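[1] The sequence isn't on hand, but the structure is:
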DNA sequence: TTGTAAGCGTTATCAC
DNA sequence: GTGATAACGCTTACAA
């Protein structure tokens, strides 16, 4: 299993090495006869150019670095479609994807850039404040796209779901279906401490939208993503309340949507009949729940696709103009059985 | 943001380029004074070696290619911990991970090897028969480890959960807790057609173990991973049957565990009280179900860790001797609330 | 203990 | 239209 080089191809085709290169890249005109001879040699030897050498010469690795959130207890549920879409977008542009985990912190970024392992970086799992990777990323001299919106992007492109629009979508749906009372399950203390930006964006927009509709809106605060917290929240929905009004509950934490639905059922409150529930979660998750829950999707595929569009624009700017610095993807609501 | 080279370091430290190299690799003794001078220059310039150049010279990329199953409707639920563990194992050995999806088929393998993008490959999502990537992989001239066991591994190392032991573990648990009647929910036609090897391994071992315990064992066949199928299966569990005996159900398809549990409840059969259910699924999934289900885990972390051990042994054989050609990882059963 | 220099496989600038 | 040839940044004999 020896790997052939362009030298072998050149010898076999009776041409110079540079001609082989030009046949591969098409960067200068080649007579049809030699082109065919070279191509035959390439095919016969199943020659493929050595990427390391190519990168060394051209200063372009054709590799995208992808930093994904792993370990440290982060909500890792919906991360797979992001990875999948980013990989296939990269491959569609004939680029490779180098996977790194966020637990290496800013050192990982420095390694990726310093050792010239990639031409550009996609950074997932962005915190609102105090993410020390942002200044490092901004100073890398490489195109970097953030999936998420930090308080100060420091000039980096950001792509994320439009969480404000997501909240409005959910509230509007409940308003239009005649609900007159809104409950939003809040986030755990840890998340709010870390100041994940989208939390604020979502909650603020939800209360504003409720006010616009003249609906009373209660935020049940500080819910850990555990069964017990979901149970606790369900206990706060008084059956009496449900009898006098049409109550809609928005659950922005995907991990507790299912436990919450179950806790309601266990208390004799049937989602979709006695009250309504809208979850903020992936479509597959929503589909598999009991009952299948009306959801606002995180649109991982759209978000990643746009992130990669921004990235490739930064790698090769076109006259079409730059992508938006902060690119917020419109959410989508899918009706299932949990809204009455 | 210029990238410094070892030449810059050499100039700054007043030594030759090779001395810089030897300081970095430690492959020959360096006097303490020059070592310090060189190190100071390295630190000052934050020099990092260009990986492309290194790979070109040393013929070692220090990259592991990872092929993961995406798209084409495969059960993609438990794949994240595999990726995570493989990535951190690679990093622990100072290797990078290049991510590719299985939808590129054998061409993807040829590209990874032919362009010398990596030193070795981990191939997930192995089919029992007719996977045309196996012969290609076997002929690549690179170490390749399969996660999964094809009918003919063609000399490649395989690592997988011991599905036979998993089935036995589940059956033994039900036998020991006094069950006298066993039901196993079977696999969908599509999966059996594709002949995913572990299906057969699991079902055969389950029936054998049941026979050993003298328990009647019924396999409900051809269940698609949909709610309707789960409902259908639940309907086959006659309440009369439950009254006269202690029934244990094994659900090897993780996607239908939750729907099946719910379908039972809806029929008034409480898992953990009226009958028992054991699922074959990840621990996180089992933990989040309603009710939390006793499960046999797929042990993605153990499997990937062992896969990487095999891989690194193939890259640098040690006197310790080779890893097993077919490395089956022992499963683990976690008791929750679904077994009475 | 350190330096010189060749070469890894590619691309691109000169020449012809 | 095509062929030499000089880099790209690194490692590693071979010298000194």
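    Nice, thanks for sending it over. Nothing here was measured: the structure is a model prediction, and the numbers come from that model. Numbering: from 1, shown residues only, chains lettered A, B, ... in the order given.

[2] Now do the domain split for chain A, please.
    A:6-58, A:63-161+A:301-329, A:163-298 (automatic domain parsing).

[3] Show me where the stretch 51-200 of chain A has its strands.
    Assigned by DSSP state E, counting those that start in this stretch, the strands in the stretch 51-200 of chain A fall at A:63-68, A:96-101, A:120-123, A:144-147, A:157-161, A:181-185.

[4] how about TSV for those, with distance to chain B and mean pLDDT added?
    No exception for glycine: its C-beta is placed from N, CA and C like everyone else's. Formatted as TSV, the strands of the stretch 51-200 of chain A follow (distance: least, C-beta to the nearest C-beta, whole Å; pLDDT from 0 to 100):
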stretch	distance to chain B	mean pLDDT
strand A:63-68	7	97
strand A:96-101	5	97
strand A:120-123	12	98
strand A:144-147	12	97
strand A:157-161	17	96
strand A:181-185	16	95
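
[5] looking at those, which is closest to residue A:298?
    strand A:157-161 (5.4 Å; C-beta to C-beta).

[6] Contacts for the closest one, please.
    The contact list for strand A:157-161 (C-beta atoms under 8 Å, 6 or more residues apart in numbering or on different chains) reads A:126, A:143-150, A:198, A:298-299, A:303, A:306-307, A:310-311, A:314, A:323, A:325-329, A:331.

[7] Return the subset of those lying in helices.
    Using DSSP state H, the subset of the contacts of strand A:157-161 located in helices is A:198, A:303, A:306-307, A:310-311, A:314.

[8] Show me which of those is closest to DNA strand D.
    The nearest member of the ones in helices among the contacts of strand A:157-161 to DNA strand D, counting by C-beta to the nearest atom of the strand, is residue A:314 at 21.3 Å.

[9] quick one: contacts for that closest one?
    Here residue A:314 is in contact with A:120, A:143, A:145, A:157 (C-beta under 8 Å, 6+ apart).

[10] and if you look at residue A:117?
    Residue A:117 touches A:61, A:63, A:65, A:98, A:111, B:51, B:96, counting by C-beta under 8 Å, 6+ apart.

[11] Just the pLDDT for it.
    Looking at residue A:117, its pLDDT stands at 98.

[12] Got the phi and psi for it?
    Main-chain torsions, residue A:117, degrees, to the nearest 10: phi -80, psi -20.

[13] Can you tell me how far it is from residue A:67?
    Going from residue A:117 to residue A:67 by C-beta to C-beta, to the nearest Å gives 12 Å.

[14] same question, residue A:187
    For residue A:187 relative to residue A:67 (C-beta to C-beta), the value is 23 Å.

[15] sorry, back to before: need the contacts of residue A:314 in TSV (columns: neighbour count).
    Shown next, in TSV, are the contacts of residue A:314 (neighbours: other C-beta atoms under 10 Å in any protein chain shown):
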residue	neighbour count
A:120	24
A:143	20
A:145	28
A:157	22
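
[16] Residue A:246 and residue A:180 touch, don't they?
    Yes: here residue A:246 reaches residue A:180: they are 5.5 Å apart, a contact under C-beta atoms under 8 Å.

[17] Let me see the confidence value for whichever residue of chain A sits closest to DNA strand C.
    Closest residue of chain A to DNA strand C, C-beta to the nearest atom of the strand: residue A:18 (2.8 Å). At residue A:18, the pLDDT value in this model is 96.

[18] so it sits in a helix?
    Yes: under DSSP: H, G, I helix; E, B strand; the rest coil, residue A:18 falls within a helix.

[19] What is the neighbour count of it?
    Burial measure for residue A:18: 11 neighbouring residues, criterion other C-beta atoms under 10 Å in any protein chain shown.

[20] Could you dump the contacts of residue A:314 into a markdown table with distance to residue A:215 added?
    Shown next, in a markdown table, are those (distance: C-beta to C-beta, whole Å):
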| residue | distance to residue A:215 |
| --- | --- |
| A:120 | 45 |
| A:143 | 44 |
| A:145 | 37 |
| A:157 | 36 |
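
[21] Adding neighbour count, write the contacts of residue A:117 out as CSV.
    Formatted as CSV, the contacts of residue A:117 follow (neighbours: other C-beta under 10 Å):
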residue, neighbour count
A:61, 22
A:63, 25
A:65, 26
A:98, 22
A:111, 17
B:51, 24
B:96, 24
